[in-house]
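K.L.:
here is my input; please provide its structure:
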Amino acid sequence: MSEFYDLVVVGSGPGGHAVAEHSALLGAKVAVVEKKDWGGVCTNEGCIPTKALLACSNAFSELRKVKRLGIQAQGSFDFAAVKRHQSQIVRVSSLGVQKSLQEAGIRLIKGNGRILSPSEVKVESGGQDVLLMTKNIVIAWGSVPFFPPGILPSGRILSSGEFLAMDRLPGSVLILGGGGIGLEFASFLSGLGCRVSIIELMDQILPYEDEDAARFIRKELEKTGIDIVTSARAERVTDTGDCVRIEISRGGESRLLEAELALICSGRKPALNGKELSDLGIDFSERGIRVDARQQTGIEGIYAVGDATGPPLLAHRAAQQGKALASALFGDGSVYYEERYVPSVSYTRPGLARVGMTEKAARSSGIRFEVKRSDFGSNILARAELKGGGFFKALYSEDRLIGAAVVCEGAAELIAGMGLALAAGLGHSDLKKWIIAHPTLSEILLP
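P.N.:
Predicted coordinates for the structure are as follows:
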């Protein structure tokens, strides 16, 4: 049985979802093939479940300071209820993806899709094969956890997805990797009283973020009792059956760390079917599928979006790539994707958000720039609401904004305004005209 479409999308994560929905809204006949769960990794194993858990942990942490506000509260939590909240939010998000695609008139097919040619996708669904004929194909395969060489998963050595499936709270965890994923899990676990150690190979946690911001986050995490070891290499990871032991080397010295579980947060890598890509003649590497500015592979009519195209592996990056591709294929091309406008957010406590260049990157490129900075200590609403410390930093070159970073509770929300300013090409003289309501946390954005 054959069906005919203007566009077939393989994968329903943020990139696949966006290109399918926006293409359909522009009048295209679209089908989406998903082999697992609607919404992809972000909805089911990444962004959404971790944020649900952090919401619970952050709310529990808030109880420690409400006494200052004259509120008496008992500090206890029900981990089974925490997990129910996680599951409910994942279900709502996955159903939301499915519903939005259906409402756009898109044909949804559950099954394993294989691209046979630039105009054919074969789907194994429910024991039957369906051949989809199409003018355009989008690969949106997503990503999978990366395990460093020599480290194998086991009952106590877990990926982030395996950890999210657990129904009990461990007493202690060793987290291998001090990037955004590792720090989010560390914040969640520490907030609920778990003993946490972080092992990072680079000399700073969040190695690609602003150095001042990373140092601030480290100090705040260490205040909660998290043990952070940087410039450390994991030489051996052993599941003894009763615990996990990680032997690390740092500065020529060895150290043995032990915990109930090890959580491997060394990052993710594109989910690639090498044979399928090779058979099609599509160029790729371990970092992802090579695409041009329009997301097209080397084969006309076959495109790729999201994590499959390589780093940065971010949901909002994938979604914008999908919207831009839909606009190029079926619209007027007015929507576009520009990688330097992609914000980066670490949902720690406090959070860190950045858009554009860091100071280190600006220095390395030889750009002349100036830094404008303001601290949260001067923000009266932050003090009134006991938001804790933090700061905002903006980089300007010849008056134009080239980068911004904010560290505080609510950083993910505050960076949005600076992302707009960067994309619009605004400068410090332009932002001086910006009137921000008082009192608000946003006032920190005008140093």
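K.L.:
which non-adjacent residue is nearest the residue nearest the centre of the chain?
P.N.:
Central residue of the chain (Cα atoms, centre = their mean): L314, 4.4 Å from the mean position. Spatial nearest neighbour of L314, chain neighbours left out: V342 (6.4 Å); criterion: Cβ to Cβ, 6 or more residues apart in numbering. Using the backbone N, CA and C atoms, a C-beta is placed for each residue, glycine as well.
K.L.:
torsion angles phi and psi at that neighbour?
P.N.:
phi -80, psi 120 (degrees, to the nearest 10).
K.L.:
so it sits right up against A315, yeah?
P.N.:
No. Between V342 and A315 there is no contact under Cβ atoms under 8 Å: 10.6 Å.
K.L.:
who has more neighbours out of these two?
P.N.:
A315 (22 against 17; other Cβ atoms under 10 Å).
K.L.:
ok, back up a step: for the residue nearest to L314, list the residues it contacts.
P.N.:
312, 314, 316-317, 320, 355 (Cβ atoms under 8 Å, 6 or more residues apart in numbering).
K.L.:
check which helix or strand covers L152.
P.N.:
Assigned by DSSP states H and E, L152 belongs to no helix or strand.
K.L.:
what's the burial count for it?
P.N.:
10.
K.L.:
what confidence value was assigned to the residue nearest to G39 when sequence neighbours are not counted?
P.N.:
Once flanking residues are discounted, G39 sits nearest to V97: 4.1 Å by Cβ to Cβ, 6+ apart. What the model reports as pLDDT for V97 is 97.
K.L.:
sticking with V97, tell me its helix or strand.
P.N.:
Going by DSSP H and E, V97 is in helix 79-103.
K.L.:
list the helices and strands the next helix or strand after that helix packs on?
P.N.:
Next along the chain after helix 79-103, taking DSSP H and E as the criterion, comes strand 107-110. Here strand 107-110 touches strand 30-34, helix 79-103, strand 120-125, going by 3 or more Cβ pairs under 8 Å, 6 or more residues apart in numbering; DSSP states H and E.
K.L.:
does the residue nearest to G39 touch A20 like I think?
P.N.:
No. Counting by Cβ under 8 Å, V97 does not reach A20; the two are 10.0 Å apart.
K.L.:
those two - which one has more neighbours?
P.N.:
Applying other Cβ under 10 Å to V97 and A20 shows that A20 carries more neighbours, namely 30 against 26.
K.L.:
ok, and what's touching the helix or strand that one falls within?
P.N.:
Using DSSP H and E, A20 sits within helix 14-25. For helix 14-25, the surrounding residues in contact (Cβ under 8 Å, 6+ apart) are 6-7, 9-10, 12, 30, 32, 34, 39-40, 42, 97, 100-101, 104-106, 138, 140, 303, 305-308, 315-316, 318-323, 325-327, 329-331, 335.
K.L.:
7 Å instead, please
P.N.:
Applying Cβ atoms under 7 Å, 6 or more residues apart in numbering, the contact partners of helix 14-25 are 7, 9, 30, 32, 40, 42, 97, 100-101, 104-106, 138, 140, 305-306, 315, 318-319, 321-323, 325-326, 329-330.
K.L.:
repeat for stretch 409-422
P.N.:
Taking Cβ under 7 Å, 6+ apart as the rule, stretch 409-422 contacts 341, 343, 345, 347, 350-356, 387-388, 401, 404, 406, 431, 441-442, 445.
K.L.:
please name the nearest non-neighbouring residue to R349.
P.N.:
S187 (4.8 Å).
K.L.:
which of the three states applies to that neighbour?
P.N.:
helix (DSSP: H, G, I helix; E, B strand; the rest coil).
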